[in-house]
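J.: sharing a sequence plus its predicted fold:
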Amino acid sequence: MDDPHAPTAWADRADHGEWLRAEGRRLLHHYARARVPGGFATLGNDGLLVDEVPQGIITARKVHCYGLATIMGIPGASVLASHGIDALLDGPLRDHDADGWFADASGPSRKKAYLHAFVALAGATATMARLPRGQELMQAAIKVIDSHFWIEEEASMQPSFAADWSDPEAYRGANCNMHTTEACLALSDATGDPRWLDRAIALARRFCHDIPAANDGLLPEHFAADWTLLPHYGADQPTDDTRPFGLTPGHHAEWAGLALKVEAACRKAGRPAMEWLPTDAVALFDRAVELGWAPDGQPGMVYTVGFDGSVSVPVRAYWVQAELANTALMLHRRTGKPRFEAVYRQAWDFIADRLIDHDAGGWRHEVDASGHLSGLVYPTREDLYHDFQATATPLIPISASLAGVLTGQ
């Protein structure tokens, strides 16, 4: 039961909402400068373009974010979103011969589920935003996922292929499936097709329920093709930005938020929501905080820890703090427990103090334990996906997708 004397939640205060909206607009304005012919490229820590090579993930995420901003009524957002849609459909990021999308516009690369999940998310958001060609992008992404990536008998994604769709990778991982879950929820809202919610439920069951239950409540991320745990995977590349060694506390928090989104999607669809969804969300979030928040006595959530709980990569990455705030907010709304509100405030205080860059723009993507700019994992400032969503999530109810609730889907 709520404490009647507990302070009003920040997300229920008008001033906090105004601050979030202003920060969201500032991010949208800043990252517009990443627009280049053929998509969107990378910004450096000075807020300027590193080069003009369009990047697949950045472009897809920009379509999603500016698509959300279009729904919100932000002038100019639709122009930027449409630029990204055209780039993904017509530009060098797309494989116009074999289909699918490349990592960047420099030439053929392995086709990765991680990227294609974001293209699907972009297409779903663009469709709900009623952007020109949004439906075309969504259907193109669905075709590729269904034809190549989705493994029906495993209810998970094949992580990658060679550029010609040969050489399927003998690996299974949490990260690409996490963003596929997000994409499935958005596709469910955009299409009304129940198979997308079915897939989201299956992914949540595996990664929020089954795997933690078999690993003392922890969520390891790396597995062989037969789903045998690979505990040493990535030991030679601990600072990898998508497959680092060990445990990722930020992903524990992010999966916890997805469990709540799946629960909301089930209720919206008139389907029974599994009782383990909110229970496991709380458990995963608590492990995230236990493992990752200030283990060295300094504020902020670290990037990774080892299976023994020791810090592996101590830097504080921008997306980790954003997802911590998002899930803390949702858990407070779902449970009413003040301890989640306390974490929400703690996360945003850290973001405001250490990450928001009022000089160069955007957020610092990574700082060390002392709060100084670092670049072990993120030497540049790629995009606004995590940070912009963190400014939008507190403004809406817990829902399957941001675009869905904003459009009333």
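T.: Yep, it's here. Numbers count the residues shown, from 1 in each chain.

J.: now L43, what are its backbone angles?
T.: phi -100, psi 150 (degrees, to the nearest 10).

J.: quick one, what contacts it?
T.: Y31, R33, A34, L49, V50, G362, T380, R381, E382 (Cβ atoms under 8 Å, 6 or more residues apart in numbering). The C-beta positions use only the backbone N, C-alpha and C, and glycine is treated the same way.

J.: okay, and the beta partners of it?
T.: Beta bridges link L43 to L49, R381 when assigned by DSSP bridges.

J.: so what pLDDT did it get?
T.: On the pLDDT scale, L43 is placed at 98.

J.: and the gap between G297 and L324?
T.: 18 Å (Cβ to Cβ, to the nearest Å).

J.: so for these two, which residue has more residues nearby?
T.: L324 (32 against 6; other Cβ atoms under 10 Å).

J.: got a pLDDT number for that one?
T.: Looking at L324, the pLDDT reads 98.

J.: so it touches M301, yeah?
T.: Yes. Using Cβ atoms under 8 Å, L324 is in contact with M301, at 5.5 Å.

J.: and for the two, which residues touch both?
T.: G250, A253, A288, V289, W293, A347.

J.: now the contacts of L43 as JSON lines including neighbour count?
T.: Shown next, in JSON lines, are those (neighbours: other Cβ atoms under 10 Å):
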{"residue": "Y31", "neighbour count": "27"}
{"residue": "R33", "neighbour count": "15"}
{"residue": "A34", "neighbour count": "27"}
{"residue": "L49", "neighbour count": "16"}
{"residue": "V50", "neighbour count": "17"}
{"residue": "G362", "neighbour count": "25"}
{"residue": "T380", "neighbour count": "15"}
{"residue": "R381", "neighbour count": "27"}
{"residue": "E382", "neighbour count": "24"}
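
J.: from these, which one has the minimum pLDDT?
T.: Minimum confidence in the contacts of L43 sits at E382, scoring 87.

J.: distance check, that residue against K261.
T.: 24 Å.

J.: ditto for V320
T.: Applying Cβ to Cβ to V320 and K261 gives a distance of 19 Å.

J.: can you check D387 too?
T.: Counting by Cβ to Cβ, the gap from D387 to K261 is 19 Å.

J.: what does G362 give?
T.: 26 Å.

J.: again with A269
T.: Taking Cβ to Cβ as the measure, A269 falls 13 Å from K261.

J.: between the two, point out the one with more neighbours.
T.: Neighbour count, other Cβ under 10 Å: between A269 and K261, K261 has more, with 25 against 14.

J.: isn't there a helix covering that one?
T.: Yes. Judged by DSSP: H, G, I helix; E, B strand; the rest coil, K261 forms part of a helix.

J.: ranges for the helices of the stretch 151-300 of the chain?
T.: 174-191, 194-204, 211-213, 249-268, 276-292 (DSSP state H, counting those that start in this stretch).

J.: what mean pLDDT does the fourth one have?
T.: The one in question is helix 249-268. On average, helix 249-268 scores 98.

J.: show me where pLDDT drops low in the stretch 201-350 of the chain?
T.: By pLDDT under 70, the stretch 201-350 of the chain contains no weakly predicted segment.

J.: all strands for it, in order.
T.: 222-223, 304-305, 311-313, 316-317 (DSSP state E, counting those that start in this stretch).

J.: which neighbouring elements make contact with the first one?
T.: Applying 3 or more Cβ pairs under 8 Å, 6 or more residues apart in numbering; DSSP states H and E, one finds that strand 222-223 makes contact with strand 172-173.

J.: what do you get for the second one?
T.: The elements that strand 304-305 packs onto, with contact taken as 3+ Cβ pairs under 8 Å, 6+ apart, are strand 311-313.

J.: what pairs with the strand it packs on, parallel or antiparallel?
T.: strand 304-305 (antiparallel).
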